Each structure stands twice: as C-alpha cells, then as structure tokens.
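Colleague: missing the sequence, but the structure's below:
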C-alpha cells in the first residue's frame with residue numbers, strides 16, 4: 001500500500017485539537033471548539049492555512065479587531081502573526097489547520 005490513511009473524528013461535541021499529520025512537510029490539525037472555547041493567544045510558528053468547516057470562526061490577528069469567518073472560508077496567516085482564535089457563537093466550530101512548511105522547533 002503506497003498511501004497512508006489518517007482519520008478525523010467527525011462527530012465530536014467536545015473541545016478537541018487533534019494533530020492528524022505531523023511530518024517534515026506540513027502539520028495537519030483538526031480542531032473542534034464549542035461556544036466559548038478556542039486556543040490560547042499565541043504567535044504562528046509557520047504559515048497557517050485555516051479552513052472553517054463548520055460554524056463561525058472569531059479571530060483576532062496582531063492588533064486588529066476580531067473578524068468573523070463562516071464555513072467555506074480559508075484564511076492564510078503569515079508566520080509570526082499573533083493569533084487569538086475563539087468560538088463566540090452557539091454552533092460548534094470545526095477547523096482544519098495546515099502549517100506549511102512544517103514548523104521547526
């Protein structure tokens with residue numbers, strides 16, 4: 001078998017940050033946030049491509065006010081950007097985050 005298969009949890013109703021693929025090329029992360037949940041404020045350690053799969057993403061970048069993005073939006077966030085990722089809405093927020101190139105720690 002040439003391909004390697006990874007599985008996402010599609011029916012999670014709890015906060016979840018699952019690092020699906022972590023290799024030398026990229027990091028592929030599945031995130032699920034109920035209302036009021038999100039990530040601690042941090043700086044991006046690579047270029048971040050964030051796809052909103054479900055719900056509404058509320059995100060503050062650097063010193064900008066919070067912007068909101070609905071399902072179907074893909075954000076490209078440069079390395080070293082301050083990020084404040086939250087779900088401020090009733091519906092579950094589901095994201096796919098790709099970091100490319102993979103961060104070097």
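Modeller: Right, received. Where do you want to start? Quantities reported herein were computed from a predicted structural model and do not represent experimental measurements.

Colleague: Every contact and neighbour count from this point should use C-alpha atoms.
Modeller: Will do.

Colleague: just the strands in the protein please.
Modeller: In order along the chain, the chain carries the following strands (DSSP state E): 16-22, 27-33, 42-43, 48-54, 56-61, 67-70, 74-77, 82-86, 93-99.

Colleague: what stretches of the chain score poorly on pLDDT?
Modeller: Scanning the chain with the threshold set as pLDDT under 70 gives 105.

Colleague: Give me the most central residue, it.
Modeller: Nearest to the centroid of the C-alpha atoms of the chain, with distances taken as C-alpha atoms, centre = their mean, sits residue 97, at 3.9 Å.

Colleague: how about it, what does it touch?
Modeller: 27, 28, 29, 30, 31, 48, 49, 50, 51 (C-alpha atoms under 8 Å, 6 or more residues apart in numbering).

Colleague: beta partners of the residue lying closest to it once chain neighbours are set aside?
Modeller: Using C-alpha to C-alpha, 6 or more residues apart in numbering and skipping the chain neighbours, the partner closest in space to residue 97 is residue 50 (4.5 Å). For residue 50, the beta-bridge partners are residue 75, residue 97 (DSSP bridges).

Colleague: Counting neighbours, what do you get for residue 50?
Modeller: As a burial measure, residue 50 scores 20 neighbours (other C-alpha atoms under 10 Å).

Colleague: Pick out whichever of the contacts of residue 97 sits closest to residue 7.
Modeller: The shortest approach to residue 7 among the contacts of residue 97 belongs to residue 30, at 10.0 Å (C-alpha to C-alpha).

Colleague: do you know how far that closest one is from residue 1?
Modeller: According to C-alpha to C-alpha, to the nearest Å, residue 30 stands 25 Å off from residue 1.

Colleague: what about residue 104, how many residues close to it?
Modeller: Other residues near residue 104 number 7, with proximity taken as other C-alpha under 10 Å.

Colleague: how far away is it from residue 24?
Modeller: Here residue 104 is placed at a distance of 9 Å from residue 24 (C-alpha to C-alpha).

Colleague: can you check residue 17 too?
Modeller: 20 Å.
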